[in-house]
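Trainee: Need a 3D model of the sequence below.
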Amino acid sequence: MEKTNEWQLEEQHLRECRALIAANIEEYERQLEERHKETKALFDAVQSGNVELYDQMVTSRSLEEHSLNQLNKNRAAYDRPFFGRIDYRNLEEKLSESVYIGRHGVLKDKINVEVVDWRAPIASVYYENELGEGSYEIPDSSERDMDRSLQYRIDLGLKRTYDIEDGILKGFYDSDVAANDELLVKYLSKNRDAVLGDIIATIQKEQNEIIRESPFRNIIVQGVAGSGKTTVAMHRISYIMYNYKERFTSNEFCIVGGSDILIDYITGGLPELDVYNVKHMRMDELLTYLLHREWQKKYRITAPSADQAWKSKMLFMEVLEEYMQSLRNYILGNCVIYDEDIGMLLSQKNNDDFINGNPDYSINRLLLTLDERLRSRIKLQCADREEIGIYKKKLLQYKNYFRSHCYQGSVVSLYLDFLQAWADAYDIDMTTVINTIKQGIFDVYDVAAMLIIYYRALQKKPDDAFGQIFIDEAQDFGPTVYYALRTVLPDCFFTIMGDVSQNVNYECGMNDWEDMTQKIFHDSRDSFKILSKSYRNTIEISNFAGKILKSASKGAYRIEPVIRHGEPVQFVNSISVEEAVGTSAELIERMKAKGYETVAVICFTNEDKEMVSNRLSRQITLTDASKGGFSKGVLVLDVSETKGLEFDCVLLWKPDLAGYQGNPKAAKLLYVAATRALHELFVVN
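Mentor: Next up, the predicted model:
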């Protein structure tokens with residue numbers, strides 16, 4: 001009887017909440033129409049020359065945007081207003097409260113909140129706290145680099161998760177942990193798009209801790225395939241933008257990936273999280289962007305070569321830094337200036353204190369600043385002298401004294417000088433590398449090195465373009481890239497997501513996190529997190545992938561799958577290529593008939609990819625990912641193109657199931673391919 005009453009009360013609350021949202025929608029539609037008319041009238045008046053109305057027009061446009069934003073939030077909340085509820089007592093104020101939590105905050109009026117946004121500090125209780133006494137924190141962002149928080153003690157009495165579809169209450173679950181397993185498995189059983197939409201309700205404690213970590217910290221996350229790394233990164237962006245809007249604007253955020261298809265996949269889900277106007281770049285684009293005018297249009301980026309993998313290792317950067325320090329010492333080693341007429345202008349100690357006190361200043365910036373200091377000293381020394389014109393005479397005499405020593409050449413020339421010096425010092429053959437660079441061809445590690453050279457020698461002022469950078473599939477790049485980014489962007493904070501077991505660039509990428517955690521991100525504000533539970537694959541697919549992972553990670557990391565059963569991994573043996581293609585086409589049509597919307601045929605060589613695409617396209621319709629990024633349909637991809645993506649069904653095209661054992665490079669490729677499947681996996685031999 002009590003359960004029935006509880007159900008009726010929850011149904012009544014849902015109806016009342018939806019009625020409020022419907023009223024909000026009607027009101028915001030009215031507001032939007034009125035404010036749009038007002039903005040247009042003011043715009044026309046300004047265009048006609050009535051410029052004193054400009055500020056009023058800007059205010060009206062801002063109010064119009066607010067109405068549109070609130071309208072969209074209420075529309076999005078109508079079918080499923082909330083997914084969670086917490087009942088607690090505030091131990092400081094002795095007040096009891098019941099809070100409903102949803103994907104979008106819903107206002108009852110200008111003061112009272114009907115549904116709390118999932119990003120609000122109090123919502124962390126739903127994701128992290130167990131029943132009983134505990135606490136939650138409210139960020140205090142009053143200081144630029146301080147990640148302080150205010151803590152509130154509570155006694156949690158109820159944690160409830162709701163299953164609501166199209167405005168109808170299907171069920172609710174009371175639990176001591178967020179996202180009851182029954183509901184989590186239900187969501188994970190849906191298509192990829194549906195999973196993305198429901199994930200906010202099922203964020204797990206270990207994921208939530210990363211999402212809500214202070215934005216003034218660098219985080220490296222090692223997560224097995226399907227652990228939600230990409231989803232966590234997306235939600236972290238949303239969380240920071242919601243709670244630290246006074247500190248970070250959207251154009252300070254940048255999402256970085258290795259391919260356009262991955263970036264398209266990531267950014268496609270951001271509007272659902274109320275995230276707009278963030279930058280997004282491939283890694284090579286970010287590095288060249290940071291070189292500014294030093295990177296010319298005539299240059300081009302090529303894939304790293306395995307026989308030049310040394311450029312991806314930290315030793316390369318260490319030698320480069322030694323070279324740049326030597327150059328710095330040579331140019332700035334003796335800047336003493338004594339003038340016989342007016343005395344000591346710049347002493348050795350004064351110069352050493354200034355130069356050593358500004359280690360982040362480039363050589364050129366130090367020289368220009370020394371000129372400024374020199375002018376100030378001349379003015380000071382001439383202040384008490386009676387000779388007319390001595391001040392102007394000395395200013396003219398020492399005009400551009402240090403500026404004349406500034407390097408005027410290109411960053412490429414300096415890089416070539418370094419490579420030649422290294423080759424001469426250690427008797428290394430650099431002929432191939434140097435000739436390639438002279439042709440204007442670089443890989444990302446060349447660009448990372450030039451970025452360090454630019455920063456140490458040529459940079460005029462600090463780069464403040466980015467406040468937060470989020471990197472997905474980080475293991476595909478070697479540590480020298482991250483060393484360069486960390487060095488040239490000292491005021492930026494990084495969230496770095498990856499899985500060293502999925503490194504498809506075996507020679508050049510990262511096969512462990514040692515350099516990252518010990519040489520690059522190693523101070524008190526840097527942290528390393530591990531996500532070991534996989535939410536993507538069924539038990540059957542996870543077990544298949546787990547055997548491969550033993551070879552891919554040499555036992556360092558293991559998968560902990562969520563208990564979700566599905567079809568067994570199916571092995572399809574065929575006599576000929578024609579038969580294999582025909583069977584694949586039949587399987588794909590069968591999967592589409594089941595309602596699956598994303599299917600990938602994953603090949604292990606470019607030759608196989610081209611052949612399968614050509615032959616399969618004669619029997620079924622394929623989606624060309626190169627034209628529109630990630631989209632629904634059937635895609636034929638090589639393994640590297642699938643990084644960070646997931647599909648309802650996957651067909652592996654003739655993998656080497658015997659050769660990967662004892663071969664970590666082959667195992668990583670196979671592990672990546674096998675773990676792309678959400679629901680069904682086929683191995684076509």
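
Trainee: contact partners of whatever helix or strand Glu206 lives in?
Mentor: Element membership for Glu206, per DSSP states H and E: helix 205-211. With contacts defined as Cβ atoms under 8 Å, 6 or more residues apart in numbering, helix 205-211 is touched by 124, 127-128, 177-178, 203, 219, 221, 228, 231-232, 235-236, 239, 529, 531, 533. (C-beta placed from N, C-alpha, C; glycine too.)

Trainee: Could you point out the helix or strand that follows that helix?
Mentor: Per DSSP H and E, helix 205-211 leads on to strand 218-223 as the next helix or strand towards the C-terminus.

Trainee: Paired strands for that next one, with orientation please.
Mentor: strand 493-498 (parallel), strand 526-531 (parallel) (DSSP bridges).

Trainee: Same list (these) but as JSON lines, adding mean pLDDT.
Mentor: JSON lines is the format used below for the strands paired with strand 218-223 (pLDDT from 0 to 100):
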{"stretch": "strand 493-498", "mean pLDDT": "97"}
{"stretch": "strand 526-531", "mean pLDDT": "94"}
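
Trainee: Just give me the longest strand of this protein.
Mentor: Longest strand of the chain, by residue count under DSSP state E: strand 148-165.

Trainee: That one packs against which elements?
Mentor: Packed against strand 148-165 by the contact rule (3 or more Cβ pairs under 8 Å, 6 or more residues apart in numbering; DSSP states H and E) you find strand 84-90, helix 124-128, strand 132-140, strand 168-174, helix 181-188.

Trainee: Per-residue pLDDT of Val639, please?
Mentor: Val639 carries a pLDDT score of 93 in this model.

Trainee: Mind giving me the PyMOL command for buried ones among the contacts of helix 205-211?
Mentor: Selecting only the buried entries of the contacts of helix 205-211 in PyMOL, with 16 or more other Cβ atoms under 10 Å as the criterion:
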select buried, resi 124+127+128+178+203+219+221+228+231+232+235+236+239+529+531+533
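
Trainee: quick one on the thing from earlier: nearest to Tyr162, of the strands paired with strand 218-223?
Mentor: Tyr162 lies closest to strand 526-531 among the strands paired with strand 218-223, at 25.7 Å (Cβ to Cβ).

Trainee: Now do Ile21 against Tyr78, distance only.
Mentor: According to Cβ to Cβ, to the nearest Å, Ile21 stands 5 Å off from Tyr78.

Trainee: So between those two, which is more surrounded?
Mentor: Applying other Cβ atoms under 10 Å to Ile21 and Tyr78 shows that Ile21 carries more neighbours, namely 24 against 17.

Trainee: residues in contact with the more buried one?
Mentor: Going by Cβ under 8 Å, 6+ apart, Ile21 touches Asn74, Ala77, Tyr78, Pro81, Val106.

Trainee: Show me those that map onto helices.
Mentor: Judged by DSSP state H, helices contain the following of the contacts of Ile21: Asn74, Ala77.

Trainee: will you turn the contacts of Ile21 into a markdown table that also has pLDDT?
Mentor: Shown next, in a markdown table, are those (pLDDT from 0 to 100):
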| residue | pLDDT |
| --- | --- |
| Asn74 | 94 |
| Ala77 | 93 |
| Tyr78 | 95 |
| Pro81 | 96 |
| Val106 | 94 |
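
Trainee: which other residues reach stretch 54-69?
Mentor: Residues outside stretch 54-69 that contact it (Cβ under 8 Å, 6+ apart): Tyr28, Gln31, Leu32, Arg35, His36, Glu38, Thr39, Leu42, Phe43, Ala45, Val46.

Trainee: Which parts of the stretch 301-450 of the chain are helices?
Mentor: Remark: helices assigned in the stretch 301-450 of the chain by DSSP state H, counting those that start in this stretch are 314-332, 348-356, 363-382, 390-397, 411-426, 431-438, 444-453.

Trainee: Would you mind finding the most buried of these?
Mentor: The highest average neighbour count among the helices of the stretch 301-450 of the chain, using mean count of other Cβ atoms under 10 Å, belongs to helix 444-453 at a mean of 26.

Trainee: helices and strands around that helix, which ones?
Mentor: Contacts defined by 3+ Cβ pairs under 8 Å, 6+ apart place helix 444-453 against helix 283-290, helix 314-332, helix 411-426, helix 479-488.

Trainee: Now render those helices as TSV, adding distance to Tyr173 and mean pLDDT.
Mentor: Listed next are the helices and strands packed on helix 444-453 as TSV, based on distance: least, Cβ to Cβ, whole Å; pLDDT from 0 to 100:
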stretch	distance to Tyr173	mean pLDDT
helix 283-290	42	95
helix 314-332	49	95
helix 411-426	59	94
helix 479-488	42	97
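
Trainee: quick one: contacts of stretch 107-119?
Mentor: For stretch 107-119, using Cβ under 8 Å, 6+ apart, the contacting residues are 17, 20, 24, 70, 77, 81-82, 99-106, 122-123, 200, 238-239, 242-243.

Trainee: So which bits of that stretch are buried?
Mentor: Across stretch 107-119, burial judged by 16+ other Cβ under 10 Å covers Leu107, Glu114, Val115, Val116, Asp117, Trp118, Arg119.

Trainee: For that stretch, output the C-alpha coordinates as PDB.
Mentor: C-alpha atoms of stretch 107-119 as PDB (Å, rounded to 0.1, in the frame of the first residue of the first chain):
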ATOM      1  CA  LEU A 107      12.900  27.400 -12.800                       C
ATOM      2  CA  LYS A 108       9.600  27.700 -10.900                       C
ATOM      3  CA  ASP A 109       9.900  31.500 -10.800                       C
ATOM      4  CA  LYS A 110      12.700  34.000 -10.600                       C
ATOM      5  CA  ILE A 111      13.900  32.800  -7.200                       C
ATOM      6  CA  ASN A 112      12.800  29.100  -6.800                       C
ATOM      7  CA  VAL A 113      14.200  26.100  -8.700                       C
ATOM      8  CA  GLU A 114      11.900  23.200  -9.600                       C
ATOM      9  CA  VAL A 115      14.600  20.900 -11.100                       C
ATOM     10  CA  VAL A 116      18.300  21.300 -10.300                       C
ATOM     11  CA  ASP A 117      20.700  21.100 -13.200                       C
ATOM     12  CA  TRP A 118      23.000  18.000 -13.000                       C
ATOM     13  CA  ARG A 119      26.000  20.300 -13.000                       C
END
